[in-house]
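[1] give the three-dimensional model of this entry:
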Amino acid sequence: MYTLDATDSFAIEQPSGTYVYDIVPVAGGIVSISSDDTVRLFDPSNLQQGPVYSVPKVNSEVTCLEALDHQGSIVCTAGRDGKVTILDLRQQSRVAQIGTGHNAPILSLATCKDAYSVAAGTELTNGQAEVIIWDTRSLNAPRLQYTESHNDDVTELQYHPTETSILLSGSTDGLVNLYNTTVLEEEDALHQTLNHGSSIHKAGFLNNLDIFALSHDEKFAIYPMITNTEASVEEPPSTQFGDLRESLGCEYVASVFGRPNGGVVGIGSHSQSNFSLVQLKNSPPWAISTESPVTLSGGHGGEVVRSFCFLDEFRMIITGGEDGQIKAWKFDGNMKGYCQRRMPFIILLLQVLYVTAHVQPANVHAETNDLSSNSDSPPAAHSAPQNEHGEHGTEYYQGLVGEALSFLEPLEKGNSRYASLKTSRFPSTALYYVAELISQLYVGAPPTDQGTSDQEAKGKDGGQTLTGPLSDGVALLRESAKYNNSDAIYLLAQMSFYGNFSYPKNLTESFQRYSQLATLSGNSSAQHMIGFMYATGVGGVVQRDPAKALLHHTFAAQAGHSKSEMTVAFRYQNGIGTSRNCDEAVTYYKKVADKAIAWYRSDEPGGKAWVPDSYSLADDDGGVYGEGASASSAGMNSQRGDGGLGAHAALDDVLEYLDLMSGKGDFKATFSLGRIHYNGQKGLNRDVKAARKYFQAVVGQYWKRDGTKVDTTDKPDIEKFACNAASYLGRMYMRGEGVDINYDKALHWFRRGITGGDAGSANGLGLMYLHGLKVSKDAPKAADLFRAAADQDYAPAQVNLGKLHLDQGRTEDVQIARSYFELAARYGNIEAYYYLAEIANFGIGRDRSCGLAAAYYKTVCEKAEPLLSSFAEANEAYANGDRELALLDYMMTAEQGYERGQANVAYLLDQENSILKLSTLSPISKPRSMLLENPGLALVYWTRSAKQNNIDSMVKMGDYYLNGIGSEPDMEKAAACYTAASEFHQSAQALYNLGWMHENGIGLIQDFHLAKRFYDEALETNDEAYFPVTLSLLKLRLRSAWNTLTHGRINSIRYEPAPSKQWSFSEWINNFMEDDRLQYMDYDEDDLLHRNDPTHGADDGMYDDVIEDGIVESFIIIALAGALVWLIYYRQQRQLAHRQNDQGNQPVGGQQAQPDQGVFPRNGDPAFAQWAAGGVGH
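    From the prediction side, this is the model:
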């Protein structure tokens, strides 16, 4: 028995006799409700100071309290006044209040943060007990009301922990109901009904599949949840415990909570003034363990404990009772003494349990950044020499490593690099195991206080003084490493390389440790890291040496290290540090590709699914040269969408908009949300449970529960979306994604989806017939289904059909298979590339092609990112602002041959992507890390990226040679780079640079005519280059004119007018009509461009740009017409002045000449020559 002492408490003194009804953990602490109708917020670390603030009179006779949002900043209460009150704890105010409509007292409350739902259960009023559900985004009226399922008070409500559409209710009528809240009809919405036989006091979910029920007379039972409601199966048996007061010797049961390894029952005895927590074990079957309860010493005296909760962050338990007190309970220290007294036995027991739980068959895949695999991890420790007293052997130093981890683990909880290190490699000290077991069975015990000393370590590392647990852990590792313990050496090497556990980075120490380990045992991970450091010369620890790099990588590759195998293959493929050798490249690439495809197929049927992590950092800035200037964001590429999310739209904004539209019943938006969550994308991990909810909502708008179709006359396109959603649901049940594998349901949804001709459903059904999943194996039928889906250009079906043809072995079947694989490869299907690689490598149905095989195998390897790359860690480090760590991780991928890794490394090292950075203007800006100051290495990776067809990298490579960055200036190489990048008019920047070089005679012959041609082509490639090209052309024309006038030797701009063709009258008419037709075609084709599509970019599709252009042209025409009118008026005024002057000069009585009324000057007028030749108008 373990005893916890109350370490802090708060008592409600006024009004006297106040009960604490409920306590709920929130982000800011804990919130309570009490019989004085007040909500109080407490800081759990300092209860005695009283509530942080209080909100009185939230309800009349408050009964319930729940948190409403993920942050815990909004809570809702309910009471016997029939109202639900929503409070914002940040504003300390009421946000809203909603009522049941007939003032029925509310006895239970439940909230679902992900589904934006609040549910309330009422007391039996006017012969009716209700379950009422509101959408928090629209509180005007309830979304659902269930009035017929219970015939007595609804005392309990709770949402399923993962299936947000499932709501549980319990009632004093003895029933526990489960509802599917996506279904409107109450009868159809009932998912499951349990008859507990006694009035329900508490009920809820212990986990995803088990439900508990506790009656007012303390009868307790656990019921399995039915997952397949459509199959006619018998109700699974329940586990009945009877009256817990008799079996546990208590007087009341406060509540039951699910925990990671089972559950916890809170029991009390007010006559004996105690309260205890007893463990529920899911053996199975479920059982109550009475051997080691946790006793809360003294409880709440003679009063009943109404509520308790766990605060895992503080490792404490909070209780509230009818004595008006809220208490905090912490571990009292007895556990530490208990463990110390029984240390030898505990060590033996826990190590046996540990080995039993973690012994697994050898993994065929090599892991490289941890110690979990056979080929890539350090071997078991070699025998350490005894010390001068002859006391210590291998086990002692291995134990030191485990103890060191117990110090280091809290410093970096959940670090991905060392997750397996803590769970699959080292048997640690007993204290570590006990702490881990307690954390899983945790009911309030805090961690031990070992390793918390603040005394400084004796030595310093990297200019930093090691203190506390870090100092203790490192000291233990160094002690073990001194005696050649492989695990300790490897840990120290990794810590100094990556800076894990807050250990200061020290690449020199890291290299020494890796060298020590490689010399000691030839460890493949150490060989890989040494090869990496020789390949890159990172940190200046060693000089770059491609030959030594290849040597160490080859050692690691021969031991099966996957990343080194990729590195060696890439170097042989490109002749880095060795001569090109395609066969060697194929040999190594195939080894990795075989592992990658085995990993992919380990999640059959359908293969593994993941979100790619390989992204170009420069794309976030519009490319290497910025938006519009880079080849990646200009010309043809400017019309490409960014994964369908819009060029200027943030993912959160898109999701928020789709969620808003989905809430309004837009099935297309609902389907889009499902697909986005199912597939995941940059910035959003896969969430198959959320996806399933959205897909079910879509199919629910098309099919009723019995399979009949809903009237969809107002939704003409819903069949296509519903069938597609059905295919996703079928795939989830077939593969067990977010649900238990259920082939009946998978078959059900695939058959529904195929009624609408859905390709995904046909492919899924074909897989079930091919593998005999709940149906008889039928390969011909599977082939027919695959063919139906492949005809719709569905890549997985094309691969499956190709495999069936390939198995036939005939030449014509091989040709058909290859054509299907090539079609599927357009969509990046990893299996398609693998089969194409095998066909090219072994010459199946064609001549062997080593180069093609190497390219295909390389693609297969690079697509298995979660298995073989460190992109995820690099992206995380970059997002957290740790450029050094990001550089190291990207460099790892770059050495393996990933083009995006190479481009990212070069981009991080590049100092030329901005002439003036804002950081240089900041007086507090930190200097650029020396690790990032390596222009020579930047040029290396720009070059490697350019060789893999990155146009911007090719231009950058030219810039480096032009300006002498990372190498001596070489104008010819610069010109060659720009020429290569300008092919097919892909880079306006390269074309402009070639024009500049021709204009100035740098690296190319000085030729103004060729310079003008390249400037013109730059403008044709990217119209955003108008301003720089116009200025350059103006200067070029001036230089060319001067060259012509002075008879210079440079080839000046020449104009070669095309010979004019004499058209007949009929040809003139036809050409005129053709031009008119083409003009209208231009406007029609504008609709097809992404930039004029309202779903891409910022345009709204209303042709505002065309209207604006028309307005501008109209203003120009009006201005010209006005100028002409003014000019005519001016001429007339001058004529009038001349006539008046002539009349004044004539003799009196002379005959007056008739004035000329023409609008043009008369012949002889000085202005006549400015207007016409031949006296037009006279």
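[2] using the three-state scheme, assign A104.
    coil (DSSP: H, G, I helix; E, B strand; the rest coil).
[3] what is the neighbour count of it?
    Neighbour count of A104, defined by other Cβ atoms under 10 Å: 24. Every C-beta, even on glycine, is put in place using the N, C-alpha and C of the backbone.
[4] verify the contact between it and G121 for me.
    No - if you go by Cβ atoms under 8 Å, A104 and G121 don't touch, sitting 9.7 Å apart.
[5] now for those two: what residues contact both?
    Residues touching both A104 and G121 (Cβ atoms under 8 Å, 6 or more residues apart in numbering): E130.
[6] any idea how far G756 is from C723?
    3 Å (Cβ to Cβ, to the nearest Å).
[7] so those two - more neighbours on which side?
    Neighbour count, other Cβ under 10 Å: between G756 and C723, C723 has more, with 24 against 17.
[8] need the contact list for that one.
    R752, G753, I754, T755, G756, G757, D758, S761 are the contacts of C723 under Cβ under 8 Å, 6+ apart.
[9] list the contacts for G242?
    K219, F220.
[10] what's the helix or strand for it?
    Assigned by DSSP states H and E, G242 belongs to strand 239-243.
[11] go on, K330?
    In the assignment (DSSP H and E), K330 maps to strand 325-331.
[12] partner strands of that strand, with direction?
    The strands beside strand 325-331 in its sheet (DSSP bridges) come out as strand 2-11 (antiparallel), strand 316-321 (antiparallel).
[13] can you pull the domain assignment for the protein?
    Residue ranges for the domains of the chain, per automatic domain parsing: 12-226+237-243+306-323, 334-362+379-495, 1065-1102, 1107-1136+1159-1178.
[14] out of the helices and strands in this structure, which is least certain?
    Taking mean pLDDT, DSSP states H and E as the measure, the helix or strand of the chain with the lowest value is helix 419-420, at a mean of 36.
[15] which stretches in the stretch 651-800 of the chain count as helices?
    651-663, 667-679, 688-700, 718-735, 743-754, 759-771, 779-790, 795-808 (DSSP state H, counting those that start in this stretch).
[16] and the angle from the third one to helix 667-679?
    Here helix 688-700 runs at an angle of 150 degrees relative to helix 667-679 (axes from the mean of the first three to the mean of the last three Cα atoms, to 10 degrees).
[17] okay, buried residues for helix 688-700 please.
    When burial is assessed from 16 or more other Cβ atoms under 10 Å, helix 688-700 yields the following buried residues: 688-700.
[18] tell me how far that helix lies from the chain's centre.
    Distance, stretch centre to chain centre, for helix 688-700: 20 Å (Cα atoms, centre = their mean, to the nearest Å).
[19] going forward, the N-terminal residue is numbered 34.
    Got it, the first residue is 34 from now on, which makes the last one we talked about helix 721-733.
[20] now it: average pLDDT?
    Helix 721-733 carries an average pLDDT of 94.
[21] what do you get for the longest one?
    Helix 751-768 carries an average pLDDT of 95.
[22] same question for the first one.
    The predicted model assigns helix 684-696 a mean pLDDT of 89.
[23] repeat for the second one
    Rounded to a whole number, the mean pLDDT of helix 700-712 is 95.
[24] between it and helix 684-696, how big is the angle?
    130 degrees.
[25] touching helix 700-712 from outside, list them.
    Under Cβ under 8 Å, 6+ apart, the answer for helix 700-712 is 642, 644, 688, 690-692, 694-695, 717, 719-721, 723-728, 730-731, 734, 748, 750-751, 754-755, 757-758, 761.
[26] C-alpha coordinates for that helix, PDB please?
    Extracted in PDB, the C-alpha atoms of helix 700-712 (Å, rounded to 0.1, in the frame of the first residue of the first chain):
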ATOM      1  CA  PHE A 700     -20.800  18.200 -48.700                       C
ATOM      2  CA  LYS A 701     -17.900  19.100 -51.000                       C
ATOM      3  CA  ALA A 702     -16.200  21.100 -48.200                       C
ATOM      4  CA  THR A 703     -16.800  18.200 -45.800                       C
ATOM      5  CA  PHE A 704     -15.300  15.700 -48.300                       C
ATOM      6  CA  SER A 705     -12.300  18.000 -48.800                       C
ATOM      7  CA  LEU A 706     -11.700  18.100 -45.100                       C
ATOM      8  CA  GLY A 707     -11.800  14.400 -44.900                       C
ATOM      9  CA  ARG A 708      -9.300  14.000 -47.700                       C
ATOM     10  CA  ILE A 709      -7.000  16.600 -46.300                       C
ATOM     11  CA  HIS A 710      -6.900  14.900 -42.900                       C
ATOM     12  CA  TYR A 711      -6.600  11.500 -44.400                       C
ATOM     13  CA  ASN A 712      -3.700  12.300 -46.700                       C
END
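[27] so how far is it from its chain's centroid?
    Relative to its parent chain, helix 700-712 has a centroid offset of 15 Å by Cα atoms, centre = their mean.
[28] if we can go back for a sec, export the helices of the stretch 684-833 of the chain to CSV and tack on distance to V973?
    Listed next are the helices of the stretch 684-833 of the chain as CSV, based on distance: least, Cβ to Cβ, whole Å:
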stretch, distance to V973
helix 684-696, 34
helix 700-712, 35
helix 721-733, 41
helix 751-768, 43
helix 776-787, 50
helix 792-804, 44
helix 812-823, 43
helix 828-841, 36
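[29] for F238, find the nearest of those helices.
    Among these, helix 721-733 comes nearest to F238, with 14.3 Å by Cβ to Cβ.
[30] just the residues contacting stretch 316-332, thanks.
    34-39, 243, 255, 272, 274, 277, 280-281, 295, 298, 301, 303, 306-314, 338, 350, 352, 354, 360, 362, 365, 476-478.
[31] at 6 Å what do you get?
    34-38, 255, 272, 306-314, 362, 476 (Cβ atoms under 6 Å, 6 or more residues apart in numbering).
[32] what's the answer for stretch 920-935, then?
    568-569, 596, 599-600, 603, 647, 649, 895, 902-904, 906-907, 937-938, 941, 974, 977-978, 981.
[33] buried subset of the residues you listed, written for PyMOL?
    The buried residues among these can be selected in PyMOL (16+ other Cβ under 10 Å) with this line:
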select buried, resi 568+569+596+599+600+603+647+649+895+902+903+904+906+907+937+938+941+974+977+978
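[34] which of the contacts of stretch 920-935 fall in helices?
    The members of these that map onto helices under DSSP state H are 568-569, 596, 599-600, 603, 895, 904, 906-907, 937-938, 941, 974, 977-978.
[35] looking at these, which one is closest to Q545?
    T569 (17.1 Å).
[36] regarding the closest residue to F274 other than its chain neighbours, what is its secondary structure?
    Among residues not flanking F274 along the chain, F253 sits closest, at 4.3 Å (Cβ to Cβ, 6 or more residues apart in numbering). Judged by three-state DSSP, the three-state class of F253 is strand.
[37] now do A580
    A580 ends up helix, using three-state DSSP.
[38] so how far is A602 from it?
    17 Å.
[39] the two: which is more packed in?
    A602 (29 against 9).
[40] quick check: closest non-adjacent residue to that one.
    Closest to A602 by Cβ to Cβ, 6+ apart is Y621, at 3.6 Å.
[41] so that neighbour touches R604, yeah?
    No - assessed by Cβ atoms under 6 Å, Y621 is found out of contact with R604, at 9.3 Å.
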